[in-house]
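> next input, structure requested:
(chains A and B)
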Amino acid sequence: DVKVTQSSRYLVKRTGEKVFLECVQDMDHENMFWYRQDPGLGLRLIYFSYDVKMKEKGDIPEGYSVSREKKERFSLILESASTNQTSMYLCASSSRRAGGQTDTQYFGPGTRLTVL
Amino acid sequence: AQKITQTQPGMFVQEKEAVTLDCTYDTSDPSYGLFWYKQPSSGEMIFLIYQGSYDQQNATEGRYSLNFQKARKSANLVISASQLGDSAMYFCAMRLTGANSKLTFGKGITLSVRP
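Numbers count the residues shown, from 1 in each chain, chains lettered A, B, ... in the order given. Okay, the predicted model is just below:
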């Protein structure tokens, strides 16, 4: 079974703090993704990576950065947390193999981040 | 750009009955994949079913089936014999083939199963 884990289920931080959200997958997937989910807005892609040390901006990258030093780990960084970054953060991974549903994205359990 | 539309308000279904969750999509690309995910209150997104744009038959996975109507650009999820554990949020998503697996999600539909 695919397993994607995230470092925390719940996190409370203060405005201005630097925040690290960690994601680890054990399926040797090339692609990894960070989303945020807000009521009424659905899931929005923040950043993704299709290889080690590679990263690409998603739809809402402002205020975030990422790091992928190892294939299995993808970190989301909030350099200076703000209250509007209070949200549910979901990590996902997928295989790069093309064809059919082989590149289905599998998600972690999510991190509910509150910035006070 | 591709777009997914899920416009149903909260849906209710009686236990053991079937329910259809609507999804329409928009893309000019002929090659794409459609996905449905379930998100229970715990928050995890669970993959349910996949349909490829060139697949000849509608996808089925256990109690889940996808009513794929390509000309109408719709990909409705049908859940048969609803169970209380089916109460959750359901998301339709689309991926263009070869687009580094980037998914575009709809805003989701809340399903409540009544005993």
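
> tell me the pLDDT of residue 58.
Using chain A here. What the model reports for A:Gly58 is a pLDDT of 92.

> ah, I was thinking of chain B
95.

> so it: helix, strand or coil?
Following DSSP: H, G, I helix; E, B strand; the rest coil, the label given to B:Asn58 is coil.

> dump the residue contacts of it.
B:51, B:65-68 (Cβ atoms under 8 Å, 6 or more residues apart in numbering or on different chains). Any C-beta I mention is one placed from the backbone N, CA and C, and that applies to glycine too.

> likewise A:Gln105?
A:31, A:33, A:92-94, B:35, B:47, B:101, B:103.

> in strands only, show me those.
Among the contacts of A:Gln105, the ones falling in strands (DSSP state E) are A:31, A:33, A:92-94, B:35, B:47, B:103.

> closest one of the residues you listed to B:Leu84?
B:Phe47 (20.9 Å; Cβ to Cβ).

> I'd guessed that closest one sits against A:Tyr106; true?
Yes. The pair B:Phe47 / A:Tyr106 is scored as a contact, 6.4 Å apart, by Cβ atoms under 8 Å.

> ok so, going back, report the lowest-confidence entry in the contacts of A:Gln105.
Ranked by pLDDT, the contacts of A:Gln105 bottom out at B:Ser101 (65).

> reformat the ones in strands among the contacts of A:Gln105 as TSV; add distance to B:Thr5 and neighbour count.
Converted to TSV, the ones in strands among the contacts of A:Gln105 look like this (distance: Cβ to Cβ, whole Å; neighbours: other Cβ atoms under 10 Å in any protein chain shown):
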residue	distance to B:Thr5	neighbour count
A:Asn31	25	21
A:Phe33	22	26
A:Ala92	22	27
A:Ser93	27	29
A:Ser94	24	26
B:Phe35	15	24
B:Phe47	20	18
B:Leu103	15	25
